[in-house]
Each structure stands twice: as structure tokens, then as C-alpha cells.
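Participant: My questions are about this predicted structure, shown below with the sequence.
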Amino acid sequence: MSSRVNATPTINQRATEANVIAILQGYGIKSARLRVARRAGLQSPRLDGMPHGTSTDNVNESRIVRNLGDEEELEAVKAVLEELEPIDAAILKHTYMHPLPSRAAIQERVGLEHSQLYRRCRKALVQFAQLWPLSNLVVYD
């Protein structure tokens with residue numbers, strides 16, 4: 001008796017969605033943190049001529065590195081959203097990035113019924129994960 005192995009892995013929908021939701025929900029705080037850092041003129045002591053201490057944990061440099069990572073992530077989010085159908089990008093933006101107060105408000109904004117919105121949102125989350133360039137967000141069973 002032989003058992004067949006499924007050659008095509010199945011996407012774990014819930015885990016994949018959770019990965020994307022975490023990135024989209026972090027968009028607002030990362031964007032705000034970058035705006036504050038730019039206004040504060042946060043610069044590396046190595047770049048601005050200031051002396052550099054011998055400390056291995058330079059707080060400003062750690063912040064700069066984090067900000068560079070945040071900036072790369074924000075640009076990737078924008079790029080992926082541009083690749084999605086406009087209605088799918090709007091659903092993700094209004095649901096996770098800049099949430100509207102209710103599902104009804106989102107439905108009205110994008111012109112979909114409740115069940116249509118739910119299905120489109122789940123589809124858009126997986127498409128976002130598949131297009132994400134910085135790491136693998138898709139989880140397989």
C-alpha cells in the first residue's frame with residue numbers, strides 16, 4: 001500500500017493573514033516614528049563629525065539602523081499595495097493601516113457587501129504576503 005504525498009503545499013490562510021496584518025498595523029507607528037526622527041535630525045555621530053564613544057551599544061546608531069529598517073519596510077508596503085487591485089489595496093488600507101471606525105464604513109467606502117468584503121480582504125492579505133519582498137510571509141501547512 002502506498003501513500004501519496006501532496007507535492008503542492010497548502011497555504012495556512014490564518015497564519016499568513018496574521019503575518020500581513022502585523023506588518024500593516026505597524027505601518028502607522030513606524031511612519032510616525034520616522035517623521036519624528038527626521039524632524040529631530042537624528043544623525044550618526046560618525047557621519048556628522050562628532051566624536052564616537054567606545055561603547056558597543058550606541059543608542060543613536062541603534063535608532064538609525066531601526067529607522068533604516070522601518071523606512072525600507074514602509075517603502076515595501078507602498079510598493080506591494082501598488083501591485084494589488086485598487087479595491088484590494090483600499091480594503092487593506094481602510095481595515096488595517098488607517099482603519100475606518102466600522103466594517104460598515106469600509107463597505108460603504110469600497111462599495112462591497114459584508115460577505116464580499118470579507119472574501120476580498122482574505123484574498124488581498126494572501127496576495128500581499130505572496131508579493132512581500134523583504135521576507136517570507138506565506139505560511140504553509
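Facilitator: Great, that's in hand. Numbers count the residues shown, from 1 in each chain.

Participant: Ser135 falls within a helix, correct?
Facilitator: No. Ser135: not assigned to a helix; according to DSSP: H, G, I helix; E, B strand; the rest coil it is coil.

Participant: how close does it sit to Ala37?
Facilitator: Using CB to CB, to the nearest Å, Ser135 is found at 23 Å from Ala37. In this view, the C-beta of every residue, glycine as well, is placed from N, C-alpha and C.

Participant: who has more neighbours, these two?
Facilitator: Between Ser135 and Ala37, counted using other CB atoms under 10 Å, Ala37 has the larger neighbour count: 17 against 10.

Participant: any idea which element that one lies in?
Facilitator: Following DSSP states H and E, one finds Ala37 within helix 27-40.

Participant: buried stuff in that helix?
Facilitator: 27, 30-31, 34, 37 (16 or more other CB atoms under 10 Å).

Participant: Tabulate the residues you listed (TSV), appending pLDDT and distance to Ala124.
Facilitator: As requested, these are exported to TSV (pLDDT from 0 to 100; distance: CB to CB, whole Å):
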residue	pLDDT	distance to Ala124
Tyr27	95	15
Lys30	91	20
Ser31	91	20
Leu34	87	25
Ala37	81	30
